[in-house]
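Peer 1: One predicted model, sequence on top.
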Amino acid sequence: MARVRDGINGGTLGTWIKLSSPESVEIMAHAGFDFVVIDLEHTTLDLGAASTHIAMARALGMDPLVRVPDHGLSVIQRVLDAGAAGVVVPHVDTVQQARAVVRATCFPPRGDRGSGGTSRAGRWGLLPRADYLEYGNEQALCVVQLESEVAIRNTREILALDGIGAALVGTADLSMSMGVAAGSDEVDRLATSALAAAAAAGVPIGTASATSDQARAALARSYDYVVVSNDTSILASGGRAIVNALKAPVAERVAR
């Protein structure tokens, strides 16, 4: 987890994993991404696929985060025991929700997570219990997604909570909830507010970008990390680029 936790400042790059094939993670590791976010919110991936992705990323020295579908304790607990370096939790709007999410990632007395030391996180029972508990309480990253005006207004208080490891501004859902375009001035002002709150709290903050140009602009704006594109879009855009490059000259010759 050191790469994401300690190196998240200064242009750390991740991408979403939406396909079930472990080769997706393998390819992204060889491509040079610092981390992946295995997406259980907007895909049909199940916990078995997530576990396989986590193992592949770990084997290749890349940090695996998991975006869980909601705030539920059971999924958070299971993906952390599967060896995830941390969780990305969507739609954290209030301090109360953030506190509950932190408690789901930590063991008692700091939280409510149950002990499962015979899992991958406990090296199948070979890791000393004290180390297993220490890693869960001190190293597993809790990333809160800020995706509404309410969340942005509460950012300073949310990020002041002990146990919040990083924030992720979700401009797509933020703009949709406001009924405005993602690049609008209203969204820009709220993002600026979140950036200022994170800087004041000393908490890393990132965002998601569809393209490398958008990611470059986000990093220039002082986001600490960016989650760029995803395996499905990278595959789709690569395929379309090949088709367009080869079919366009043929169509042009036929038109003549």
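Peer 2: Looks like it arrived, so ask away. Numbers count the residues shown, from 1 in each chain.

Peer 1: For this protein, give me the ranges with low pLDDT.
Peer 2: Along the chain, the model assigns pLDDT under 70 to residues 1-10, 250-256.

Peer 1: can you tell me which residues contact the closest residue to residue 94 other than its chain neighbours?
Peer 2: Of all residues not flanking residue 94 in the chain, residue 154 sits nearest, at 5.8 Å (Cβ to Cβ, 6 or more residues apart in numbering). In this view, the C-beta of every residue, glycine as well, is placed from N, C-alpha and C. Contacts of residue 154 were listed using Cβ atoms under 8 Å, 6 or more residues apart in numbering, and they are 93, 94, 95.

Peer 1: can we see that at 10 Å?
Peer 2: 92, 93, 94, 95, 96, 97, 98, 146, 148, 197 (Cβ atoms under 10 Å, 6 or more residues apart in numbering).

Peer 1: What is the burial count for the first one?
Peer 2: Counted by other Cβ atoms under 10 Å, the residues lying close to residue 92 total 29.

Peer 1: swap in residue 124?
Peer 2: As a burial measure, residue 124 scores 10 neighbours (other Cβ under 10 Å).

Peer 1: got it, and the one 10 residues further on?
Peer 2: By the criterion of other Cβ under 10 Å, residue 134 has 13 neighbours.

Peer 1: Quick check: it is in a helix.
Peer 2: Yes. Counting by DSSP: H, G, I helix; E, B strand; the rest coil, residue 134 is part of a helix.

Peer 1: correct me, but it touches residue 106?
Peer 2: No. The criterion here is Cβ atoms under 10 Å, and residue 134 misses it with residue 106 at 11.1 Å.

Peer 1: coming back round to it: which of the contacts of residue 154 are buried?
Peer 2: Buried members of the contacts of residue 154, scored by 16 or more other Cβ atoms under 10 Å, are 92, 93, 97, 98, 146, 148, 197.

Peer 1: Next, report how far stretch 107-117 is displaced from the centre of its chain.
Peer 2: Relative to the chain's own centre, stretch 107-117 is displaced by 22 Å; criterion: Cα atoms, centre = their mean, to the nearest Å.
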